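Enquirer: Make a model of this:
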Amino acid sequence: MNENLHCGACFTLSEKPRECRKPCFHDAFHRIVNLVVESTEQVKALIQHKIPDPPVRLVHSKEVCRYVGIVAKTLYRCEKQGLIRPFKKDHTGKYFLYADMLEFKKKYHHLPD
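Expert: Predicted coordinates:
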C-alpha cells in the first residue's frame with residue numbers, strides 16, 4: 001500500500017481528483033475506508049455467529065388466561081381475531097411465547113368496549 005502514496009502532487013485536495021491518473025491520497029483514503037467497512041462486516045458476522053439465540057420461553061394457555069385475567073373461551077376468540085397466535089400445539093394444549101403473552105395483555109386491556 002505504501003507504493004500507492006508516493007504521488008506528492010495529489011496530497012493537496014484537488015478539485016478534480018478523478019482526472020489524476022496516478023495513485024493519490026483520494027484512492028488511498030477510499031481503500032482504507034473500504035477495508036474498515038469490510039472488517040466491520042466481518043467482525044459483525046463473527047459476533048453474530050458466537051452469540052447463541054436466546055432460549056424460547058413458552059407458556060401454556062392456562063397461564064396466559066391467568067396472567068391476562070380472561071377465560072379460555074375469550075382467549076380462543078382473541079386467537080380468531082389475530083390478537084395472539086399460539087407458538088406450538090400438541091396433545092397437552094396450546095403454548096404461547098412469553099413475549100407474546102406480555103404484548104397481548106397490553107393489547108387486550110386497551111381494546112375499546
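
Enquirer: what's stretch 56-71 in contact with?
Expert: Applying C-beta atoms under 8 Å, 6 or more residues apart in numbering, the set of residues contacting stretch 56-71 from outside is 72, 74-75, 78, 84, 86-88, 92-99, 101, 104-105, 108-109. Bear in mind the C-beta positions are built from the backbone N, C-alpha and C, glycine included.

Enquirer: Any idea how far apart the tips of that stretch sit?
Expert: 25 Å (C-alpha to C-alpha, to the nearest Å).

Enquirer: Just the buried residues of it, please?
Expert: Buried residues in stretch 56-71, defined by neighbour count with 16 or more other C-beta atoms under 10 Å: 58-59, 61, 64-65, 68, 70.

Enquirer: one step back: give me the buried entries from the contacts of stretch 56-71.
Expert: Here, 16+ other C-beta under 10 Å leaves 75, 78, 84, 86, 94-97, 101, 104-105, 108 buried among the contacts of stretch 56-71.

Enquirer: Quick check: phi and psi on I51?
Expert: Taking degrees, to the nearest 10, you get phi -80, psi 120 for the backbone angles of I51.

Enquirer: Distance of it relative to V68?
Expert: Look at I51 and V68: by C-beta to C-beta, to the nearest Å, they are 32 Å apart.

Enquirer: Show me how the chain divides into domains.
Expert: Listed by automatic domain parsing, the domain ranges of the chain are 2-50, 58-109.

Enquirer: Turn these into a markdown table, including mean pLDDT.
Expert: As requested, the domains of the chain are exported to a markdown table (pLDDT from 0 to 100):
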| stretch | mean pLDDT |
| --- | --- |
| domain 2-50 | 69 |
| domain 58-109 | 94 |
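
Enquirer: wait, what's in contact with F104?
Expert: By C-beta under 8 Å, 6+ apart, the contact list for F104 reads 64, 68, 78, 83-84, 96.
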